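> return atomic coordinates for the entry below.
(chains A and B)
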Amino acid sequence: MDIFLQQTINGLTVGGIYALIALGYTMVYGVLRLINFAHGDLSVLGAYVGLVVLSSGAGGGTTLLVVLAFVAAVVVVGLAGAALEFTAYRPLRKADRLAAVVSALGASLLIENGIMLIWGPQLRVFPQGLLPSGAWEAAGTRIDLLQVLIIGGSALLMALLYLFVHHTRFGTAMRAAAIDQDAARLMGINVNRVITSVFVIGPALGAIGGLFIGLYYRQVYFTMGWTYGLNAFIAAILGGIGNIPGAMLGGVLLGLVNAYAAGFVSSSWQGAITFALLIAILLVRPTGLLGERVAEKV
Amino acid sequence: MSAFRSTCAGFNPLAKLSVLALAAAASTVWAAEPLIVGVQAPITGQYANEGQGIADAVKLLVKQQNAKGGLLGRQLEVKVCDDQGQAAPAAICARQLINDKAFAIIGSYTSGAALAALSLYARANVIQTSDGTSDELTAKGVKTFFRNAPPNSAEAVFTAQYFKDKGYKKVAIVTDHSSFATGLADAVAAEVKKAGGQVIEKAFIEAGSQNYTPVLTKLKGLNPDVVYFSGYYNDGGLIKAQMAQLGMDTPFVGGDANQNVAFAKIAGNAVTGATIINVPAPADLPYPAAKQFLAEYKAAYGHEPPSIFTLTNADGLRAIIATAEKVKSVDPGVLIPALHQLKDFQGLTGEFSWDDKGERIGSPFVAFNVNADGSYKIVYPQSAVK
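Here you go, the predicted model:
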């Protein structure tokens, strides 16, 4: 039982990170029917920007420094997301679907190699002891402050996003644009603004996920976006791509399945079990667990 | 002009005599032809610095030996041939050095080049000592080949012995999916079983995936005596950190690919208690003879040897010289069987023997703890602890 609990904590921590990154995939897909392959790399960019702030030693107190790092990561990556939309996707919005996919892959390579050119190809290590250390242990199960922060932080962000999308005017506009852009435009919604904001919010959440990775594992490398991007992408599909609560559910589920598979079945089959589950779910529910709702009254 | 002639005319007969005497003395020293030591090594190309290191080490040893009066009353002379670390030039080098009547060949650095020359030296009955780690080198059954570095399987044997001596009976092995790491993990598992230990779990991680707590939580539940990781330093440091995060105080032992300055940085506060098994860097060799040789090498060439293999090759030559002095002969019929009998020779890279296949028994491997500042402290074997 204590091992089960520990694996649940393990799974929830990494699942929360997957979910944060998965949101970016699903939001962009929901509005544009496009997989933004550069999203994983944007998230990693967030980790590197955060590292710059953390290593600078600015701000006096260390906890304040961490807050500054998050702010910087969100701002820089949010702007980078908007710039990406403006340069790589907007000119191709009316073009063939394949052109946008190729552009997305190109953008992914550009960001990845850009990170390598700026920060170097070697592994970068995050400084230690920035946050007060603390851990709680009960019945052989351990959870530390950072894990609480990651699980709590991602849950809070997801709740805020859900409220934003479902209970604000702008969120309603977003959902309307996701269903039918032309109809939304006729209703007086500035669809371009909606799309740009999606490209700011998604990568900004991804940047927080990326910085969580950096703080938790304390190492970043420039090709990391591929690994995390793929996992988050799977999470988005698992939950039903285009569906925001689906991405959250998918991320958490993926983290838990990974942990249980490695812990209770076999670590050599971890990847195989995860993908077998994905295939099984998609066979039964081709649109993912929560599926994208096709009709909605807004 | 006249001044010159007058000097010549004034040449002192006594001085003339002493010059003659000097020449005579010199000719008695040089009467016996010098013994040729061949170096077959990559002096140019990809492994040039390794090859040059081997040639430099051999020249230094020969100079020291000659200063002591040479070998069995004969001066030694070094002939170097550049094989570029490749098979075709290696065969040419072998023929050239055999024609030069070398009695022993040091090299080559790469297994491939050593292997290409192996049968040529065997046919000519010329001793060859190389650091090549390929198992093929000693599997050919030639009598003239002596390996001076540990073969690929030595790390696993050493690791199992270390576990046995530390009393680690229940071993949990973690590996990534690379051929290097799985190969080492399998070899260690086999050796642990051979040594009477028990491999309670062989776990896999996806290299670079960073999330190793699920695997480690499972290991924690199995309560092993030691966690052994055969993969690379970036994952190794993270595994050590995540073990601490899970409250595991099980000892962590990493294979040679964990030795990197980044290991300590990644493991952070959790690094204390991590042990890594590898051949030591030349500067970390604990033996007094090695320290002295390194100082002499640095004085002669102005830099450190490029790698430990410079010193294993030096050990090859040192063992050959010591054995030749012991049996008082460089005749291959006498010297080769004596080399196969070499026992507990105190090398620069640790104690070793040669068996009847020419395999080096006694590896230069050491186990060292990683300190918080990233430096190392050798803790095993006892003979290597300062």
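
> where's the residue of the stretch 201-350 of chain B found nearest chain A, which helix or strand?
Distances between the stretch 201-350 of chain B and chain A by CB to the nearest CB are smallest at residue B:214, namely 3.7 Å. Every C-beta, even on glycine, is put in place using the N, C-alpha and C of the backbone. Under the criterion of DSSP states H and E, residue B:214 resides in helix B:213-222.

> what about the helix or strand that that helix is followed by, distance to the chain center?
The helix or strand immediately downstream of helix B:213-222 is strand B:226-229, counting by DSSP H and E. Computed by CA atoms, centre = their mean, to the nearest Å, the chain-centroid distance of strand B:226-229 equals 26 Å.

> direction included, what does strand B:226-229 pair up with?
Strand pairing for strand B:226-229, determined by DSSP bridges: strand B:170-175 (parallel), strand B:252-254 (parallel).

> from what I see, the residue of the stretch 201-350 of chain B closest to chain A and residue A:7 are in contact.
Yes: with contact defined as CB atoms under 8 Å, residue B:214 and residue A:7 form a contacting pair (5.9 Å).

> what sits in contact with each of those two?
Common contacts of residue B:214 and residue A:7, defined by CB atoms under 8 Å, 6 or more residues apart in numbering or on different chains, comprise A:259, A:260, A:263.

> hang on, the earlier thing: give the contact list for the residue of the stretch 201-350 of chain B closest to chain A.
With contacts defined as CB under 8 Å, 6+ apart, the neighbours of residue B:214 are A:7, A:10, A:11, A:258, A:259, A:260, A:261, A:262, A:263, A:267, A:270.

> which ones, among those, also lie beside chain B?
A:7, A:10, A:11, A:258, A:259, A:260, A:261, A:262, A:263, A:267, A:270 (CB under 8 Å from any CB of the partner chain).

> now for residue A:28: which residues touch it?
By CB under 8 Å, 6+ apart, the contact set of residue A:28 is A:34, A:35, A:36, A:39, A:198, A:199, A:202.

> CSV please, covering the residues you listed and showing secondary structure and neighbour count.
Shown next, in CSV, are the contacts of residue A:28 (DSSP: H, G, I helix; E, B strand; the rest coil; neighbours: other CB atoms under 10 Å in any protein chain shown):
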residue, secondary structure, neighbour count
A:34, coil, 18
A:35, coil, 18
A:36, coil, 32
A:39, helix, 32
A:198, helix, 24
A:199, helix, 28
A:202, helix, 31
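
> quick check: closest non-adjacent residue to residue B:221.
residue A:3 (4.7 Å; CB to CB, 6 or more residues apart in numbering or on different chains).

> pull out the CA atoms of the helix or strand of chain A with the lowest mean pLDDT and give them to me as PDB.
Lowest on mean pLDDT, DSSP states H and E among the helices and strands of chain A sits strand A:135-138, with a mean of 84. Only the C-alpha atoms of strand A:135-138 are listed here, as PDB (Å, rounded to 0.1, in the frame of the first residue of the first chain):
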ATOM      1  CA  ALA A 135       9.700  16.600   3.100                       C
ATOM      2  CA  TRP A 136       6.900  14.800   4.800                       C
ATOM      3  CA  GLU A 137       7.000  11.100   5.400                       C
ATOM      4  CA  ALA A 138       4.300   8.800   6.600                       C
END
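
> thanks a lot, see you next time.
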